[in-house]
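Student: Let me see the structure of the following:
(one chain, ligands or ions: 1)
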Amino acid sequence: MSMKTICAIATAQGGAVGIVRVSGSEAINIVNRIFSKDISSAGGYTMHYGRITDIDDVIVSVCRAPRSYTGEDTVEISCHGSSYILKQILQLLVDNGCELAGPGEFTQRAFLNGKMDLSQAEAVADLIASQNAAQHRVAMQQMRGGISQKLRELRDRLLHLTSLLELELDFSDHEDLEFADRGELVEIARQISREISRLSGSFEQGNAIKNGTPVAIIGAPNVGKSTLLNALLRDDRAIVSDVQGTTRDIIEDTITIDGHLFRFIDTAGIRKTEDTIEKMGIERSLKASEKARIVILLTEPGVPFADISPLEGRHIIRIVNKTDEFSALSGVGIEQLERQLVATVRSTENSTSDSLLITNQRHKVALDLASEDICRALDSLSIGISGDLVSEDLRQCITHLSEIVGGEITPDEVLGNIFAHFCIGK
Ligand code: GDP
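Tutor: Predicted coordinates:
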């Protein structure tokens, strides 16, 4: 399958150096036409200093297939970081036969050429987006194949279980022959099931790391929720007003405290009201708060804390605002609140920092389906249902786990969804 040679600017605007990337079977030929040196027989992993016409002095790095990021011949042109220069070079490449790359197209080719599996490709996007140590750690772990390896291991055990079942079927007429009894098979299946559940369950923590621990601020109108949010975000994204119930839109924003990412859900005040728009706001705010892991329950002197019994199970931090000890307006007590937020997250985190976490909704969905499959198999095994029916569930389970790492069978639609979220040039 011959693919077009693609090109893209790989660096963000404003840097001292900019990089244009070219990948495909014609990469070296095309760059050769616009470069002052002859690189037609340049070896892989070589760098060449020269000129791109009268546009710039550049360094050209050559990688030869298959030993490149994409698995194709790849050339990277490092030039001065002017967006004018970068665009001129890009235009020259297009004039000479390159196509502009789509989002994530280089990484998609790396996947298609077997350089990495789908979960690793997704991790590349997470790695680029990572902004703190925890996000970096989970993305790196995934990119290095942590999840892939775990899934391979699970698949091997499922295959082993299937073969034991088939043995049972093949020899079921020979009563005197010994093979693994159902009790053992159930135990193997149970272990696999536990591990799939654990992996799926790690999504809450993984997602909190990637997208921020969700925090809701809840309290009666006017107790100072918007002011508190602003104090925490240190900007004025929320609308602060003396008129009761003016914070109608749910505003979400994130901050990093001590390397931990928090995603604040600003919510309208909880109160009974006939105002329909306001009512909507309250319903939405309660709904939004369901997703919170931490609830800051805010009030002011003389006002009782709001009833948050529907939110049982969250970590609740109770604060009386507008006092000498705490004031969202003047900032007294904010730092202590921040420390409390961090301490709360730390107390809920899995203490083993190197345990495998999933951070991707797509993986979570696939794991939950796999979990259903193995549970069905487990039930069937326990009540002595015929092995071929159990095998079918096990095969389904393997299929669902395989979707995470992808392969030749991955539908274009899934690939399109994944790579559309990448930046161009990666
Ligand atoms: P919300 O309806 O709960 O979001 O409340 P707002 O944040 O809009 O605040 C309502 C009013 O209380 C505004 O006039 C704020 O300036 C005021 N306010 C908020 N925090 C404090 C505080 O710590 N001290 C005092 N004195 N006023 C505050």
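Student: Name all residues that make contact with K37.
Tutor: H48, Y49, G50, V60 (Cβ atoms under 8 Å, 6 or more residues apart in numbering). C-beta: built from backbone N, CA, C; applies to glycine.
Student: ok, now which ones touch the first one?
Tutor: What it means is H48. F35, K37, I39, A42, I59, V60, S61, V62.
Student: please redo it, this time with the cut-off set to 6 Å
Tutor: By Cβ atoms under 6 Å, 6 or more residues apart in numbering, the residues touching H48 are K37, I39, V60.
Student: For the stretch 1-150 of the chain, which segments are assigned as helices?
Tutor: Remark: helices assigned in the stretch 1-150 of the chain by DSSP state H, counting those that start in this stretch are 27-34, 83-95, 105-112, 118-129, 133-143, 146-170.
Student: Spatially, which two of the contacts of K37 are the most separated?
Tutor: The largest separation in the contacts of K37, counting by Cβ to Cβ, is between Y49 and V60 at 8.0 Å.
Student: between the two, which one's more packed in?
Tutor: Counted by other Cβ atoms under 10 Å, Y49 and V60 do not tie: V60 has more neighbours, with 26 against 11.
Student: export the contacts of H48 to TSV and tack on distance to the ligand?
Tutor: Listed next are these as TSV, based on distance: Cβ to the nearest ligand atom, whole Å:
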residue	distance to the ligand
K37	64
I39	62
V60	57
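Student: pretty sure S40 contacts N32?
Tutor: Yes: counting by Cβ atoms under 6 Å, S40 touches N32, with 5.2 Å between them.
Student: okay, those two: which has more neighbours?
Tutor: Between S40 and N32, N32 has the larger neighbour count (other Cβ under 10 Å), namely 18 against 10.
Student: Look up how far L90 lies from that one.
Tutor: 17 Å (Cβ to Cβ, to the nearest Å).
Student: what helix or strand is the nearest residue to L159 once chain neighbours are set aside on?
Tutor: Leaving aside its chain neighbours, L159 sits nearest to I398 (7.1 Å; criterion: Cβ to Cβ, 6 or more residues apart in numbering). Remark: I398 resides in helix 387-405, with elements defined by DSSP states H and E.
Student: Tell me which residues are up against that helix.
Tutor: The contact list for helix 387-405 (Cβ under 6 Å, 6+ apart) reads 117-119, 148, 151, 154-155, 158, 162, 165, 168-169, 363, 366, 369-370, 373-374, 376-377, 380-381.
Student: Separate out the buried members of the residues you listed.
Tutor: Listed as buried from the contacts of helix 387-405 are 117-119, 148, 151, 154-155, 158, 162, 165, 168, 363, 366, 369-370, 373-374, 376-377, 380-381; burial here means 16 or more other Cβ atoms under 10 Å.
Student: residues in contact with T348?
Tutor: Here T348 is in contact with no residues (criterion: Cβ under 6 Å, 6+ apart).
Student: so which of the contacts of K37 comes closest to the ligand?
Tutor: Closest to the ligand out of these is V60 (56.8 Å), distances taken as Cβ to the nearest ligand atom.
Student: The closest one contacts I77, doesn't it?
Tutor: Yes: proximity of V60 to I77 meets the contact threshold set by Cβ under 6 Å, at 5.5 Å.
Student: low-scoring pLDDT stretches of this protein, where are they?
Tutor: The chain contains residues with pLDDT under 70 at 1-2, 171-180, 235-252, 266-286, 350-354.
Student: all strands for it, in order.
Tutor: 6-9, 17-23, 46-52, 56-63, 74-80, 99-100, 213-218, 252-257, 260-266, 294-299, 315-320 (DSSP state E).
Student: Tell me the strands beside the first one, with direction?
Tutor: What that stands for is strand 6-9. Strand 6-9 pairs in its sheet with strand 17-23 (antiparallel), strand 99-100 (parallel), by DSSP bridges.
Student: what's in contact with the shortest one?
Tutor: Yep, that's strand 99-100 we're talking about. Identification of contacts with strand 99-100 by Cβ under 6 Å, 6+ apart yields K4, I6.
Student: and if you look at the longest one?
Tutor: The contact list for strand 17-23 (Cβ under 6 Å, 6+ apart) reads 6-11, 31, 70, 72, 74-79, 81, 86, 89-90, 106.
Student: What residues sit buried inside it?
Tutor: For strand 17-23, by 16+ other Cβ under 10 Å, it's G18, I19, V20, R21, V22, S23.
Student: Give me the buried positions along stretch 63-76.
Tutor: Quick answer for stretch 63-76 (16+ other Cβ under 10 Å): C63, R64, A65, S68, Y69, T70, G71, E72, D73, T74, V75, E76.
Student: Just give me the closest of those to R293.
Tutor: Y69 (37.0 Å).
Student: Please give me every residue in contact with the closest one.
Tutor: Y69 touches A110, counting by Cβ under 6 Å, 6+ apart.
Student: got it, and the one 5 residues further on?
Tutor: With contact taken as Cβ under 6 Å, 6+ apart, T74 is in contact with S23, A27, C63, S68.
Student: hey, what's it bridged with?
Tutor: S23, C63.
Student: P214 is nearest to which of the helices of the stretch 1-150 of the chain?
Tutor: Evaluated with Cβ to Cβ, the helices of the stretch 1-150 of the chain place helix 133-143 nearest to P214, the distance being 15.5 Å.
Student: and the angle from that closest one to strand 252-257?
Tutor: Counting by axes from the mean of the first three to the mean of the last three Cα atoms, to 10 degrees, helix 133-143 lies at 100 degrees to strand 252-257.
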